[in-house]
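**Student:** let's see this in three dimensions:
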Amino acid sequence: MQQKKLSIGLFGFGCVGKGLYDLLYKDDTLASIKKIVVKTPDKKRHSNFSTFSFDPDDILNDGEINLVIELIDDAAAAFIIVSTAMKKGKAVISANKKMIAENFRELLHLQKKYNVPFLYEASCGASIPLIRNLEEYYKTCSLQSLEGIVNGSTNFILTKAFEHKIFYQNALEEAQALGYAETDPILDTEGFDAAYKLTILTAHAFGKCIEPSEIFRIGINQLRETEFQYARREKLKIKLVATSCKDHEEKIYCIVMPKFIQADHPLYHVDGVLNGVVTKARNGDAHFFSGKGAGALPTASAVLSDISAIAHKYKYGYEKYYAGNVPRTKNDFFMRVMVSFPIEKKEDIQSWFLAIEESFYNNESGYFTGIISFKNLRELKSLQEDISIILFDVCNENFDINKVEIPEFELQTI
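**Tutor:** The predicted structure is shown next:
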């Protein structure tokens, strides 16, 4: 049966909006753009000016427009657009991870109340098909964990710092010069962007609806050259990794933090601006998704995929969320980490560890590697702003701290 052609109202005409326009211009079989609403009237645009407007109501109050696509930066304005469109019975597509993550429960309510589809594949991983796979392939599958590199800016910075042996600040400046990082890169480098995406992915993977602020988050801006030297020596890489993991008691933890990645891990080879996500199921199956996590055409291609899905009457089912067996939050577990610190903090940092495996210091700084509880790590981070923390791994469910042999050691100095 031939599908009804969609009439699109597009909010935003930046890189992604222009990319979508170009894709639909080549093939408008499923949909065509009737109106584009932009914010800046005097900006030069390479398109038919008659399709542009500066009044949101030209889209929201147009009865012929049955699909609203929101591609703007302002999360608060995006929520007003999306919620108003739903209330008017229009299907909606968005790529705004901050808006979706911060309003997830309300957006679920609106979809159900007004019986409209709301798709947002482009919000997490751009061209990588993550959300629909979590919704459909893993619909009846008990996932154990999801971990991934979901921010291309930080991955580019870490790749440059590691492979080219340049300092973090120089790598950041290069990322900014190439347009991979913003002038104010805090959303990327402090892990906020990754936390927004993990909020969305966790809801689809486990049915767990959490606030972004509930995610334990550590960024990369405190990393020192010492950590990169350690990684090179041990043949490891440092990646900013977002992780959601559920244990056998149906408890879940969600963390975003730098992590040492071994050479046999799929994420080891995810470099530059690429993204990658690994899912593991209870029955032992593991799957790896990788691709361009940002950029005009990769993101626009994900939006185009959502357009096709809506044309075929698809909407997210949220079966795991509505099933009623949502996992509880896991508040404590053991982690193997490296903590680097200014030398005057050495005694204090040491006291937080349950077991220390390796230590080093000089006249200016030092580090410990070893076992620490999540509760201790969370408190330590809140008390100390000038330390860096890198995860080796979370200890497995059978880990018993009482059986750990604490080695005799002397602090190594230079």
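**Student:** in three-state terms, label Lys35 for me.
**Tutor:** strand (DSSP: H, G, I helix; E, B strand; the rest coil).
**Student:** that one contacts Asp55, correct?
**Tutor:** No. In this structure, Lys35 is not within contact of Asp55 by C-beta atoms under 8 Å, at 9.7 Å. For the C-beta atoms, the positions are set from N, CA and C on the backbone; glycine is no exception.
**Student:** ok, the two, which is more surrounded?
**Tutor:** Legend: neighbour count by other C-beta atoms under 10 Å for Lys35 and Asp55, higher for Lys35 (19 against 10).
**Student:** report the beta-bridge partners for the more buried one.
**Tutor:** Under DSSP bridges, the beta-bridge partners of Lys35 are Gly9.
**Student:** contacting residues for it?
**Tutor:** The contact partners of Lys35, taken as C-beta atoms under 8 Å, 6 or more residues apart in numbering, are Gly9, Leu10, Thr51, Phe52, Ser53, Asp58, Ile59, Asp62, Ile65.
**Student:** ditto for Leu267
**Tutor:** Glu147, Gly148, Ile149, Lys239, Val241, Ile261, Gly276, Val278.
**Student:** just among those residues, which is most surrounded?
**Tutor:** Of these, with other C-beta under 10 Å as the count, Gly148 tops at 31 neighbours.
**Student:** poorly predicted segments of the chain, please.
**Tutor:** Residues of the chain that meet the criterion pLDDT under 70 lie in 1-3, 45-49, 284, 403-414.
**Student:** extract the CA atoms of stretch 172-180 and return them as PDB.
**Tutor:** Extracted C-alpha coordinates of stretch 172-180, given in PDB (Å, rounded to 0.1, in the frame of the first residue of the first chain):
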ATOM      1  CA  LEU A 172      41.600  20.700  22.800                       C
ATOM      2  CA  GLU A 173      42.700  23.800  20.900                       C
ATOM      3  CA  GLU A 174      43.100  21.700  17.700                       C
ATOM      4  CA  ALA A 175      39.600  20.200  18.200                       C
ATOM      5  CA  GLN A 176      38.200  23.700  18.500                       C
ATOM      6  CA  ALA A 177      40.100  24.900  15.400                       C
ATOM      7  CA  LEU A 178      38.600  22.000  13.400                       C
ATOM      8  CA  GLY A 179      35.100  22.600  14.700                       C
ATOM      9  CA  TYR A 180      34.900  19.400  16.700                       C
END
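**Student:** run through who's touching it.
**Tutor:** Contacts for stretch 172-180 (C-beta under 8 Å, 6+ apart): 152-153, 156-157, 160, 166, 181-183, 185, 189, 273, 294.
**Student:** before we move on, back to that, narrow the contacts of Leu267 to those in strands?
**Tutor:** Taking DSSP state E, the ones among the contacts of Leu267 that sit in strands are Glu147, Gly148, Ile149, Lys239, Val241, Ile261, Gly276, Val278.
**Student:** and the strands in the stretch 101-250 of the chain?
**Tutor:** 118-119, 143-149, 216-217, 237-246 (DSSP state E, counting those that start in this stretch).
**Student:** which other helices and strands contact the second one?
**Tutor:** This points to strand 143-149. The contact analysis (3 or more C-beta pairs under 8 Å, 6 or more residues apart in numbering; DSSP states H and E) places strand 143-149 against helix 192-206, strand 237-246, strand 274-281.
**Student:** could you dump it to CSV, C-alpha only?
**Tutor:** Provided in CSV are the C-alpha atoms of strand 143-149 (Å, rounded to 0.1, in the frame of the first residue of the first chain):
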residue,chain,number,x,y,z
LEU,A,143,20.5,-6.8,28.5
GLN,A,144,23.3,-6.9,31.0
SER,A,145,25.3,-3.9,30.0
LEU,A,146,25.7,-1.1,27.6
GLU,A,147,29.0,0.9,27.3
GLY,A,148,30.3,3.2,24.7
ILE,A,149,32.1,6.2,23.4
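**Student:** direction included, what does it pair against?
**Tutor:** Here, using DSSP bridges, strand 143-149 pairs with strand 237-246 (antiparallel), strand 274-281 (antiparallel).
**Student:** distance to Tyr367 added to those, as a markdown table?
**Tutor:** Shown next, in a markdown table, are these (distance: least, C-beta to C-beta, whole Å):
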| stretch | distance to Tyr367 |
| --- | --- |
| strand 237-246 | 13 |
| strand 274-281 | 27 |
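**Student:** so which of those comes closest to Ile310?
**Tutor:** With distances scored as C-beta to C-beta, the stretch of those nearest to Ile310 is strand 274-281 (23.9 Å).
**Student:** show the subsequent helix or strand relative to the closest one.
**Tutor:** Per DSSP states H and E, the first helix or strand lying C-terminal to strand 274-281 is strand 286-292.
**Student:** buried stuff in that next one?
**Tutor:** Neighbour-count burial for strand 286-292, counted by 16 or more other C-beta atoms under 10 Å, picks out Phe289, Ser290, Gly291, Lys292.
**Student:** also stretch 9-16?
**Tutor:** In stretch 9-16, counting by 16+ other C-beta under 10 Å, buried: Gly9, Leu10, Phe11, Gly12, Phe13, Cys15, Val16.
**Student:** could you do stretch 172-183 as well?
**Tutor:** Going by neighbour count (16+ other C-beta under 10 Å), the buried part of stretch 172-183 is Leu172, Glu174, Ala175, Gln176, Tyr180, Ala181.
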